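K.L.:
model this:
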Amino acid sequence: MLRARKVILWVIGASLASLLAIFLGFSFFRNYERRPIVLRGAVIKQDDDPIKQSPIMDVEISEANGLATASAKSNFVGYFTIPLLRGVSQNESVTLRFLHPDYVPVDLTQLVTKKIIIVHLVPIHREVEPATVQAEHPTIAVSNVRIRYSTESTTQENIGTGVKTFEVQNVGNIPCENSATCSPDGNWKASVNSESLDAGEGNFFRNARVSCIAGPCPFTKIDTDGFSVGGRNIKVAVRNWSDTTTFLFQAEVFRPQISDLVQMTYPIILGTSLDFTLPPNAQGPSVEAELNGENIIFPLGPIPILSWADCNVSVAKDKSKFYRCELNSGYRFRQAE
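P.N.:
Just a heads-up that it's a prediction; the model follows:
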């Protein structure tokens with residue numbers, strides 16, 4: 001009777017556990033299905049030539065029917081995300097609106113899916129060939145564009161030599177006994193002397209060496225090596241367990257010289273877009289260009305501003321910079337003659 005009751009209780013407990021697991025699984029699945037959907041995509045320029053389909057930054061993207069939690073803007077590479085309201089499900093219709101002052105607005109109506117959305121925007125001011133430019137509305141020709149910047153270069157100039165002689169005084173063949181300083185084998189009384197060199201403010205030593213030049217040199221050893229790695233201050237300590245010896249302490253003195261190297265690079269021009277990159281250590285960048293034959297220098301600050309183009313910059317993790325510029329209306333690129 002007791003055994004049967006235990007079996008019944010075990011069956012009831014197992015059934016309740018199974019029902020609880022099914023309920024939790026159903027709740028998790030339902031919540032998972034009802035998570036907000038995020039639409040992802042990119043905005044690029046419309047052009048028949050794929051190489052001219054450059055990303056468009058700062059495009060305002062919104063959902064026309066209020067089905068998104070917020071509007072968004074495309075970033076430097078044209079990427080955007082639009083989070084939809086909770087409850088908007090797959091295959092429901094949404095209308096995305098794309099606005100930019102330099103491009104024709106686009107309303108895109110489609111079903112909600114996980115597919116990547118690629119939107120092509122048509123420039124309001126289309127690129128025209130020079131031959132089609134009317135004389136009464138001449139454009140300014142931009143040509144011979146190059147990018148100038150500088151990098152720091154550090155060289156090391158040898159400006160002299162540091163040198164000293166010093167003695168390690170001792171009397172040989174005296175048993176060590178109670179002396180605090182002995183020969184390496186512990187038999188003979190020894191003495192230790194040290195010397196140092198200072199290269200001076202802003203300088204450093206290289207190729208330091210210590211040599212025994214007089215006395216019973218075989219019965220000496222370097223106790224402390226504070227010179228091999230170089231630096232402004234170097235030192236050495238020598239142990240001697242025979243008669244007095246003399247040492248030469250010598251090293252070359254160097255001074256670092258910092259100079260600016262001017263570098264020149266050229267951008268890639270595709271249609272009305274101009275792209276170039278700069279290394280992490282680039283300083284004082286500027287754009288040099290000929291506008292209607294007149295050479296002009298345009299410094300590039302943290303926010304790149306050109307009178308003839310709209311520019312944006314993206315900074316990578318290694319601090320290198322990628323610039324993208326789009327010609328303003330009234331300007332055109334011309335090949336240098």
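
K.L.:
Next, residue 195: secondary structure please.
P.N.:
Under DSSP: H, G, I helix; E, B strand; the rest coil, the three-state class of residue 195 is strand.

K.L.:
residues in contact with the nearest residue to residue 64 once chain neighbours are set aside?
P.N.:
Spatially, and ignoring its direct neighbours in sequence, residue 64 is nearest to residue 95 (4.1 Å; CB to CB, 6 or more residues apart in numbering). Quick note: C-beta positions are derived from backbone N, CA and C, even for glycine. By CB atoms under 8 Å, 6 or more residues apart in numbering, the contact set of residue 95 is 63-65, 107-109.

K.L.:
now, which of these sits nearest residue 271?
P.N.:
residue 108 (23.8 Å; CB to CB).

K.L.:
Residue 117 is in contact with the closest one, correct?
P.N.:
Yes: assessed by CB atoms under 8 Å, residue 108 is found in contact with residue 117 at 7.4 Å.

K.L.:
Looking at those two, which one has more neighbours?
P.N.:
Neighbours per residue (other CB atoms under 10 Å) separate residue 108 from residue 117, with residue 117 holding more: 17 against 14.

K.L.:
Run the chain-centre distance for stretch 234-241.
P.N.:
Its chain's C-alpha centre and that of stretch 234-241 lie 46 Å apart, by CA atoms, centre = their mean, to the nearest Å.

K.L.:
just stretch 297-312 next, same as before
P.N.:
22 Å.

K.L.:
Stretch 181-190 too?
P.N.:
From the chain centre to the centre of stretch 181-190 is a distance of 57 Å (CA atoms, centre = their mean).

K.L.:
Flag every buried residue along it.
P.N.:
182-183, 188-190 (16 or more other CB atoms under 10 Å).

K.L.:
Can you name the two of the residues you listed that sit furthest apart?
P.N.:
183 and 189 (7.9 Å).

K.L.:
burial count for the nearest residue to residue 51 once chain neighbours are set aside?
P.N.:
In space, and not counting its chain neighbours, residue 51 is closest to residue 270: 5.7 Å by CB to CB, 6+ apart. Neighbour count for residue 270, taken as other CB under 10 Å: 16.

K.L.:
where are the low-confidence patches of the chain?
P.N.:
For the chain, the stretches with pLDDT under 70 are 1-34, 126-138, 336-337.

K.L.:
Could you report the separation of residue 309 from residue 225?
P.N.:
Distance, residue 309 to residue 225, by CB to CB, to the nearest Å: 60 Å.

K.L.:
Pull out the buried positions in the helix or strand where the residue nearest to residue 64 lies.
P.N.:
Assigned by DSSP states H and E, residue 95 belongs to strand 93-100. Across strand 93-100, burial judged by 16+ other CB under 10 Å covers 94, 96-100.

K.L.:
Do me a favour and get the backbone dihedrals for residue 186.
P.N.:
phi 80, psi 10 (degrees, to the nearest 10).

K.L.:
ok, now which ones touch the closest residue in space to it that isn't next to it in sequence?
P.N.:
Spatial nearest neighbour of residue 186, excluding adjacent residues (CB to CB, 6+ apart): residue 176 at 6.0 Å. Going by CB under 8 Å, 6+ apart, residue 176 touches 182-183, 186-190.
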